[in-house]
Each structure stands twice: as C-alpha cells, then as structure tokens.
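**Student:** give me a 3D structure for the following:
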Amino acid sequence: MNQADFNYILLAAIVIIALAAIFLSYRAWKKKREDGKYVIKEEDKLHVTLESRDFAQVAARILEGLGGTDNVTEVHADGTRIKTSIKDYDKVDEKKIRAAGVGGVLRPSKTTVQIIVGVHAEEVAEAVRSRLSAAGNEQ
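**Tutor:** Numbers count the residues shown, from 1 in each chain. Next comes the predicted model:
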C-alpha cells in the first residue's frame, strides 16, 4: 500500500466517523425538550399489565413459582413490583411465576425475588400475604 492509498483510507474513515457523530448528536438533540429533559414517546414506553384480574389466582401461581408458602418469608409491594424474601433460592421456578402473566422476574440476590406486576402490585401483594396467612406463615 502506498502513501496515497493510505491517505484516502484515512480520509474516508474520518468522514465516516464525522457523519456518525453528527447523526448521533442530531438524534440526541431531537429527543430533548427545551428544559433539557429527554422525551420518550408513549409507544416506546414499556407498559406492564397483568393478563388476569383474578388476583387470588395470580397470587397462587406466584407462590407456587416461589417454592410454596414455606419458602417465602416476606412480601411487600414497591411501586410496580412485588418484592419477596425467600429461604431457598433453588426452589424458585421463574417459568411458573411468568405463567401468572407478570411482566418479569428479577433475582437480585440469593434471598430476594422481585416480580414486575404493574399498577396492581399492591393488590397482588395483599393476595399473596393473605395466602401466606391462611397457610400459617405470618408476615
């Protein structure tokens, strides 16, 4: 490769990088409002809704996926999530929890499982606590 070819390749690379930077800057600028905050279109937002409004049935499936009432030590709602404390990490079956129609399952630690439920998190958490109380596993 001679010096002229190298110069053309270098020039082409600089032009491509410059165009990419301009394009990405334009996209970022377009998403910002005047107050400097980013705007997320409504259709780009993730909306989590339960497939079923039968909270007792959803709670039963969640408890089954968590390894039963004996494996759950604490349940509370936090925004759109149900946060649970568990005894045995290996008893948790995410597929069973997802079968309840929830938005997702997070396992941030060996003793914690978070279930994304949506706006009905408090109602579902109350149904789970009710089942735990009925089974003799008080919160």
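
**Student:** and the residue nearest the centre of the chain, what are its bridge partners?
**Tutor:** Most central in the chain under C-alpha atoms, centre = their mean is G104, positioned 5.7 Å from the mean C-alpha point. In this entry, G104 is beta-bridged to I116, by DSSP bridges.

**Student:** please report the distance of it from A59.
**Tutor:** The gap separating G104 from A59 is 17 Å, by C-beta to C-beta, to the nearest Å. No exception for glycine: its C-beta is placed from N, CA and C like everyone else's.

**Student:** with I116 instead?
**Tutor:** I116 sits 15 Å away from A59, going by C-beta to C-beta.

**Student:** before we move on, what about T112?
**Tutor:** The gap separating T112 from A59 is 18 Å, by C-beta to C-beta.

**Student:** quick one, which of the two is more surrounded?
**Tutor:** Counted by other C-beta atoms under 10 Å, T112 and A59 do not tie: A59 has more neighbours, with 23 against 14.

**Student:** now that one: how far from I97?
**Tutor:** From A59 across to I97, the span is 11 Å (C-beta to C-beta).

**Student:** where exactly do the helices run in the chain?
**Tutor:** Along the chain, the segments classed as helices by DSSP state H run 3-31, 55-65, 94-98, 121-134.

**Student:** reformat those as CSV; add distance to I82 and mean pLDDT.
**Tutor:** Below are those laid out as CSV (distance: least, C-beta to C-beta, whole Å; pLDDT from 0 to 100):
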stretch, distance to I82, mean pLDDT
helix 3-31, 32, 88
helix 55-65, 7, 92
helix 94-98, 10, 91
helix 121-134, 5, 92
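
**Student:** now these in TSV, with distance to K87?
**Tutor:** Formatted as TSV, the helices of the chain follow (distance: least, C-beta to C-beta, whole Å):
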stretch	distance to K87
helix 3-31	45
helix 55-65	13
helix 94-98	16
helix 121-134	13
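
**Student:** quick one: closest of these to D88.
**Tutor:** Proximity to D88, assessed across the helices of the chain by C-beta to C-beta, is greatest for helix 55-65 (13.0 Å).

**Student:** tell me what the closest one is packed against?
**Tutor:** Under the contact criterion of 3 or more C-beta pairs under 8 Å, 6 or more residues apart in numbering; DSSP states H and E, helix 55-65 touches helix 94-98, helix 121-134.
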